[in-house]
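> Show me the folded form of this:
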Amino acid sequence: MKIITNKSRELFSMLFCLLFLPLMAQTRHIATKPLFRDPVYDGAADPTIIWNSKENKWFMFYTNRRANDVNSQGVSWVHGTPIGIAVSKDGSHWDYKQTCNINYSFENCTYWAPDVIEHNGIFHMYLTIVPGVFEDWNHPRYIVHLTSQNLVDWDFQSELKLASDRCIDASVFQLPDSTWRMYYNNERDKKSIYYADSPDLYHWIDSNQKVVNDRGEGPKVFHWKGKNWMICDTWNGLSVYESVDFINWNKQKNNILQVPGTGEDDRVIGGHPDVIVNGNKAYIFYFTHPGRIPENKGKDNYDTRRSSIQLAELQYENEEIVCHRNQLVKINLKHKK
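All right, here's what the predicted structure looks like:
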């Protein structure tokens, strides 16, 4: 019988540290692919990310489409959707938490595409509402304003009066003069991007003006590399625009996330994103329909309905934003104190 001496234990510990700790350090903060799948309906889409200082975690909000509802007809599975919450310490690994408690509800209420920001200690959500569960797309939808102290329980503030009765996908951005601008999709005008302005996040004046003529939805505006950017889901990957004045937006030549990737659940185009600028890096959170590959064209089943959240890092090359989606993403999001 061999006796393990203290010296042997010390030698073993030293070898472990030398061999395995560097490997563990290299793999730490490497994002999973897919980044997240909802365990309830398996239909996570339209992500938006924000820091929760009370829980010391990043919160991801998402539309939770009912992909596994085998009894749904038409597009009713995209309706009656709750807003899911996932949490992460660093942005690389996410765990399901729960759904939002939204104090604006009625029978068969549908929630889509949340945008969440924080200002002066209050969280604000701008949420698309569809008044029912429908088998087609031909119904009104509008945007409401909600507030919260904890990112879980949300109180209704107002219904926004925007350009039409078919407005979706709010994206709120603070302008250099400290006022606020909301970009959104006006479906009545060929799904163009419009905007509204507010001095305080509560009172909004609509411009009744389109700023992007292209058809698209899910606009996301952010400042990075000394420039103002907008990324929109144009159903052929994501279109990228640049602006000096936040009104006139110039489209760059190439879309991103247009060419399918090679990773798990990432072999299709990317859709409706959020962008987090953290330090000098920019990360894009987007969703995919993994089953919507060419051989499944025209099919409507669980495989073509389910969706996954993915993550990639944006790069700035030759005056354009590019996205090398197949590269491993090392991410360790830091919050502003």
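> Following the chain onward from the helix or strand bottoming out on mean pLDDT in the chain, which element is next?
One helix or strand of the chain scores below all others by mean pLDDT, DSSP states H and E: helix 21-27, with a mean of 49. Going down the chain from helix 21-27, the next helix or strand is strand 44-52, by DSSP states H and E.
> just checking, what packs against that following strand?
Under the contact criterion of 3 or more Cβ pairs under 8 Å, 6 or more residues apart in numbering; DSSP states H and E, strand 44-52 touches strand 57-64, strand 83-88, strand 110-119, strand 271-278, strand 281-288, strand 308-317. In this view, the C-beta of every residue, glycine as well, is placed from N, C-alpha and C.
> Direction included, what does that strand pair up with?
With DSSP bridges as the test, strand 44-52 is paired with strand 57-64 (antiparallel).
> Quick check: which ranges of the stretch 1-150 of the chain have low pLDDT?
Low-confidence segments of the stretch 1-150 of the chain (pLDDT under 70): 1-27.
> if we can go back for a sec, can you check which of the helices and strands packed on strand 44-52 gets nearest to Leu151?
strand 57-64 (5.3 Å; Cβ to Cβ).
> Grab the CA positions of the closest one and hand them over as CSV.
Extracted C-alpha coordinates of strand 57-64, given in CSV (Å, rounded to 0.1, in the frame of the first residue of the first chain):
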residue,chain,number,x,y,z
LYS,A,57,-26.0,40.6,-12.6
TRP,A,58,-26.8,41.4,-16.2
PHE,A,59,-30.4,40.9,-17.2
MET,A,60,-31.5,39.8,-20.6
PHE,A,61,-35.1,40.5,-21.6
TYR,A,62,-36.6,38.7,-24.6
THR,A,63,-39.8,38.0,-26.5
ASN,A,64,-40.7,34.4,-25.6
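> mind checking how far the residue most central in space within the chain is from Glu118?
Residue closest to the average C-alpha location in the chain (Cα atoms, centre = their mean): Pro47, at 2.2 Å. Relative to Glu118, Pro47 is positioned 17 Å away (Cβ to Cβ, to the nearest Å).
> Look at Gln174 and report its pLDDT.
Looking at Gln174, its pLDDT is 98.
> what about the nearest residue to it once chain neighbours are set aside, neighbour count?
Leaving aside its chain neighbours, Gln174 sits nearest to Trp180 (5.6 Å; criterion: Cβ to Cβ, 6 or more residues apart in numbering). When neighbours are counted by other Cβ atoms under 10 Å, Trp180 registers 20.
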